[in-house]
Every structure is written in structure tokens, then in C-alpha cells.
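Colleague: Take this sequence and fold it.
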Amino acid sequence: MTTTAPATAPSADARALGLAHYAARGVLEHVLARHGLTFQQQVVLRAAATADAPQTPDDLIIQVQVSLKADPADLRATLDELLARQLLVEDGAHLRSTDTGHELLAAVGAETAPLSARIWGGIPAEDLAAAGRVLALVTERANTELAALTA
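Modeller: Model prediction:
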């Protein structure tokens, strides 16, 4: 299914960004719920599973906190949940994803791939590139503003 933007497409703004984010996240969370995962659990598990090198719990929390802007105490609780489910395991001072964790991420990825293809399919490459540039700039500016507010 290919859809096109209306001839008079609305300007991108915070509301449009939020609506797009929550619509796409809603699709992902629907899939995650079938696998007994929350959005935050999936983000933490994916960060551990895709890290170039094993992460300490503190390193993993910092990495995810930068992305999600989540409370470190909540992320610590998420780590504990993933450890209890044996999706992550302690390996000395580091955490690593278990085979079960990797299999779960693969299953979620396989289930979301066709959904993502329908959501993103048919959007011209130049539109995606422009949107990517705008979103990178908005992210940079928002992170700067947040840093100033929390300094």
C-alpha cells in the first residue's frame, strides 16, 4: 500500500513529530506486548545485544538514558527485569544478551519488518533524506536545550 502526502502537506512541527512518533511506537508496542516486552525493555535489550563490546550495567544505563531521557532508576529496574527473565546475563562486571534475548529480538524484528515496510514504503528517498536532516537538527537542538535546563 502506497500513500502519498496531501498536496498541501502540513509543516513539520513538534505536534506532527509527536504524532508520527507515537503512531509508530504504538505499532511496535503492540508487537512487543505479544512477546511480553515493554518498549523500554526492548530498547535496553537491543542496546546490550548490539553493543560493540560488553557493557557494564552503568555504561548501558548511561547509553540508554541518553537516547530515551529515562530516569536512571527506572532503567536499573528494567535491567533487573531483563536479568530476571534471563534475557540478559551478568558476565563478570558486564552484561550480555543471552541466546533467548537474541532470539526474542529476532522474532520482534521479523514481526515488525513487514509493518515497517508498509509504513515507510513508497516514500521518496529525497523526502526521507530531507526528513532525516530535519530530525537530526531538531534532536541536536532539543538535546542542547535539555542540557541547559538540567545544568
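
Colleague: CA atoms only for the strand or helix carrying residue 64, dumped as CSV, please.
Modeller: Using DSSP states H and E, residue 64 sits in helix 57-68. Taking C-alpha atoms only, helix 57-68 is exported to CSV below (Å, rounded to 0.1, in the frame of the first residue of the first chain):
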residue,chain,number,x,y,z
PRO,A,57,25.3,-2.0,33.8
ASP,A,58,26.2,1.6,34.4
ASP,A,59,27.5,2.1,30.9
LEU,A,60,24.3,0.5,29.5
ILE,A,61,22.1,2.7,31.6
ILE,A,62,24.0,5.9,30.5
GLN,A,63,23.8,4.8,26.8
VAL,A,64,20.0,4.2,27.0
GLN,A,65,19.4,7.3,29.2
VAL,A,66,21.0,9.5,26.6
SER,A,67,18.5,8.1,24.0
LEU,A,68,15.3,7.8,26.0
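
Colleague: for that helix, packing partners?
Modeller: On a contact count with 3 or more CB pairs under 8 Å, 6 or more residues apart in numbering; DSSP states H and E, helix 57-68 meets helix 39-50, helix 72-84. Every residue, glycine included, has its C-beta placed from N, CA and C.

Colleague: quick one, the last one and helix 39-50 angle?
Modeller: In this case it means helix 72-84. Angle, helix 72-84 to helix 39-50, by axes from the mean of the first three to the mean of the last three CA atoms, to 10 degrees: 70 degrees.

Colleague: Quick check: next helix or strand after helix 72-84?
Modeller: Following the chain from helix 72-84 toward its C-terminal end, the next helix or strand by DSSP H and E is strand 88-91.
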